[in-house]
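Q: Would you be able to build a 3D model of this:
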Amino acid sequence: MRTETPWSTLPARDHLLAGVGGAAGAPVLDVVVPVYNEEKDLEPCVLRLHEHLARTFPYAFRITVADNASTDRTPEVAQRLARSLPGVRSFRLEEKGRGRALRTVWTHSDAPVLAYMDVDLSTDLNALLPLVAPLISGHSDLAIGSRLARSSRVVRGTKREFISRAYNIILRSSLAARFSDAQCGFKAIRREVAQRLLPMVEDTGWFFDTEMLVLAERAGLRIHEVPVDWVDDPDSTVHIVRTATEDLKGVWRVGRALAVGALPLDRLARPFGDDPRDRGIGGVPGGLARQLVGFCVVGALSTLFYLALYSLFRLGAGPQLANGAALLVSAVANTAANRRLTFGVRGRGGAVRHQAQGLVVFAIGLALTAGSLAALGAASGSPSHTTELAVLIAANLAATALRFLLFRAWVFPDRDRGNPGASPAAAPVTPAARAVVPAPLVAETTHDLRNAR
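A: Take a look at the predicted model:
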């Protein structure tokens, strides 16, 4: 039996049973096809997709045509398809933006697995079942088709190939993204993840995919990648320069938000293991090895920063004043870096308290280093600058070990360390909390959607 979780965390992933959905119930899969002025390609796309799903997909499904304020006959074609094909419906938005359309449909869908694909069907549909299977089984949270995987087979021009690879290099270098292909129009997500993740995604256009994936990855969600066969659409209406410019702006915005911890990514946390028995494992330190590595890296950088500041302040002040000022500035930076990178505390909640506690730890370090300098001065009278630095390094090593222990036990404690068998996922939840972010059902008829390709 599943353990209930509080509203602030995601529940353990359930394997969707084969009997879920059906003619009288909600479909298991809702595939969204966002369109803008696609009166020519829409009908062949939906007919081909519907035939493929009816023939190969073992669960109940739905196809949703999301019309992004088209000005041609696209709405009429979409409505005719919805009337003639079972499991097909159409929505219309009066404002363009692919991200806006996906957010609107996914937010209101009652299907537990949500997907989308481009209307040109550049991606081979044989990859659709492998795409959503890890979400249905409960193994993964999101799934993406990748044109850049080793086993993918892609037919497209040199220009688009270069742009795609350059964009992914930018994502890896600036946002530390580890997924291989952000912009392939072939993705899926579990509904409970979408309900928590989509409100954090600001973009309403082409950067929507990238922002969603970056936030999901930073939150520790599992992203499954599927190699795809992909043939470029030579008639694509995407404006490459404008899209690239907007994407770069999005990279800057998301990078800045992640750097300052402005996003509540902790609300996307999953409990360890989907089997409740996995949460009964006791005596396992909460990420001790990872925390030690992170603390050492932050400590090394902080020490270099501290020594540089000390050398700078020493030009116009005595050793004690220079040491105190350098240690104070570096301690504030060290606490902020360890808070975010070592102990994984995100958001601004408790930041002032953490800095105040960090200053107490700083005072202990100040006592050690100041005492070492005083002892050096008493022993040698007028020590050289090199000798001062060597003594400070030794004193800081001792202070660093103590600082880690205090940070781990006092400033950023693991609340569950005292009860190893407990997990946030095991906390009881009230009916009111369980109802957070409800997904209102939408009518099966034409609705207002707003997005463009």
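Q: how close does residue 409 get to residue 298?
A: Using C-beta to C-beta, to the nearest Å, residue 409 is found at 17 Å from residue 298. Every C-beta, even on glycine, is put in place using the N, C-alpha and C of the backbone.
Q: Between these two, which has more neighbouring residues?
A: residue 298 (20 against 11; other C-beta atoms under 10 Å).
Q: from what I can see that one touches residue 341, true?
A: Yes: under the criterion of C-beta atoms under 8 Å, residue 298 makes contact with residue 341 at 6.1 Å.
Q: so residue 192 is in which element?
A: helix 191-197 (DSSP states H and E).
Q: Could you list every helix and strand in contact with that helix?
A: helix 98-108, strand 113-117, helix 208-218 (3 or more C-beta pairs under 8 Å, 6 or more residues apart in numbering; DSSP states H and E).
Q: can you list the residues that contact that helix?
A: 10-11, 106-107, 109, 111-114, 141-142, 189, 212, 215-216, 219, 221, 267-268, 437, 439 (C-beta atoms under 8 Å, 6 or more residues apart in numbering).
Q: at 6 Å what do you get?
A: 106, 112, 114, 141, 267, 268, 437 (C-beta atoms under 6 Å, 6 or more residues apart in numbering).
Q: any idea how far residue 195 is from residue 107?
A: In terms of C-beta to C-beta, residue 107 sits 7 Å off from residue 195.
Q: pLDDT of the lengthiest helix in the chain, averaged?
A: In the chain, taking DSSP state H as the definition, the longest helix is helix 351-380. Per-region confidence: helix 351-380 scores 84 on mean pLDDT.
Q: what helices or strands is whichever helix or strand comes after it leaning on?
A: Using DSSP H and E, the helix or strand that follows helix 351-380 towards the C-terminus is helix 385-406. With contacts defined as 3 or more C-beta pairs under 6 Å, 6 or more residues apart in numbering; DSSP states H and E, the packing partners of helix 385-406 are helix 288-314, helix 351-380.
Q: list the helices and strands the last one packs on?
A: Yep, that's helix 351-380 we're talking about. Checking 3+ C-beta pairs under 6 Å, 6+ apart, helix 351-380 ends up next to helix 319-337, helix 385-406.
Q: which residues touch residue 201?
A: Counted by C-beta under 6 Å, 6+ apart, residue 201 has contacts 211, 212.
Q: Redo the contacts of helix 191-197 as a markdown table? Include neighbour count and distance to residue 249.
A: Below are the contacts of helix 191-197 laid out as a markdown table (neighbours: other C-beta atoms under 10 Å; distance: C-beta to C-beta, whole Å):
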| residue | neighbour count | distance to residue 249 |
| --- | --- | --- |
| 106 | 23 | 23 |
| 112 | 20 | 34 |
| 114 | 26 | 26 |
| 141 | 25 | 27 |
| 267 | 19 | 26 |
| 268 | 21 | 24 |
| 437 | 13 | 28 |
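Q: Reformat those residues as CSV; add distance to residue 163 and pLDDT.
A: Listed next are those as CSV, based on distance: C-beta to C-beta, whole Å; pLDDT from 0 to 100:
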residue, distance to residue 163, pLDDT
106, 27, 96
112, 35, 95
114, 27, 97
141, 28, 94
267, 34, 83
268, 30, 85
437, 36, 35
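Q: Make JSON lines out of the helices and strands packed on helix 385-406 and add distance to residue 35.
A: Below are the helices and strands packed on helix 385-406 laid out as JSON lines (distance: least, C-beta to C-beta, whole Å):
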{"stretch": "helix 288-314", "distance to residue 35": "45"}
{"stretch": "helix 351-380", "distance to residue 35": "45"}
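Q: Give me the nearest residue to residue 218, chain neighbours excluded.
A: Among residues not flanking residue 218 along the chain, residue 265 sits closest, at 5.8 Å (C-beta to C-beta, 6 or more residues apart in numbering).
Q: number of nearby residues for that neighbour?
A: Residue 265: 22 neighbours (other C-beta under 10 Å).
Q: That one against residue 221, yeah?
A: No: judged on C-beta atoms under 6 Å, residue 265 makes no contact with residue 221 at a distance of 9.4 Å.
Q: From residue 135, how far out is residue 14?
A: 11 Å.
Q: Over to residue 393?
A: 51 Å.
Q: and residue 336, what is it in contact with?
A: Counted by C-beta under 6 Å, 6+ apart, residue 336 has zero contacts.
Q: Let me know the pLDDT of it.
A: 89.
Q: which SS class is the nearest residue to residue 78 once chain neighbours are set aside?
A: With sequence-adjacent residues excluded and distances taken as C-beta to C-beta, 6+ apart, residue 78 is closest to residue 90, at 3.7 Å. Under the three-state scheme (DSSP: H, G, I helix; E, B strand; the rest coil), residue 90 adopts strand.
Q: is it true that residue 90 touches residue 82?
A: Yes: with contact defined as C-beta under 6 Å, residue 90 reaches residue 82; the gap is 4.6 Å.
Q: who has more neighbours, these two?
A: For residue 90 versus residue 82, neighbours defined as other C-beta under 10 Å are more numerous around residue 90 (28 against 21).
Q: So for the more buried one, what's the pLDDT?
A: Looking at residue 90, its pLDDT reads 94.
Q: Contacts only, for it.
A: Applying C-beta under 6 Å, 6+ apart, the residues near residue 90 are 65, 78, 79, 82, 446.
Q: May I have the beta-bridge partners of it?
A: residue 65 (DSSP bridges).
Q: State the distance from it to residue 182.
A: 28 Å.
Q: mind listing what's buried in stretch 310-325?
A: 310, 313, 314, 319, 322, 323, 324, 325 (16 or more other C-beta atoms under 10 Å).
Q: now the end-to-end length of it.
A: 8 Å (C-alpha to C-alpha, to the nearest Å).
Q: So the nearest residue to residue 398 once chain neighbours are set aside versus residue 289, what's the distance?
A: Closest residue to residue 398 apart from its sequence neighbours, by C-beta to C-beta, 6+ apart: residue 368 at 6.0 Å. Distance, residue 368 to residue 289, using C-beta to C-beta: 26 Å.
Q: So between the two, which is more surrounded?
A: residue 368 (18 against 8).
Q: Could you report the pLDDT at residue 42?
A: So, for residue 42, pLDDT stands at 95.
Q: so what's the residue nearest to it when sequence neighbours are not counted up against?
A: Once flanking residues are discounted, residue 42 sits nearest to residue 77: 5.0 Å by C-beta to C-beta, 6+ apart. Each residue near residue 77 by C-beta under 6 Å, 6+ apart is listed here: 39, 42, 43.
Q: Correct me if wrong, but residue 77 is in a helix.
A: Yes: assessed with three-state DSSP, residue 77 lies in a helix.
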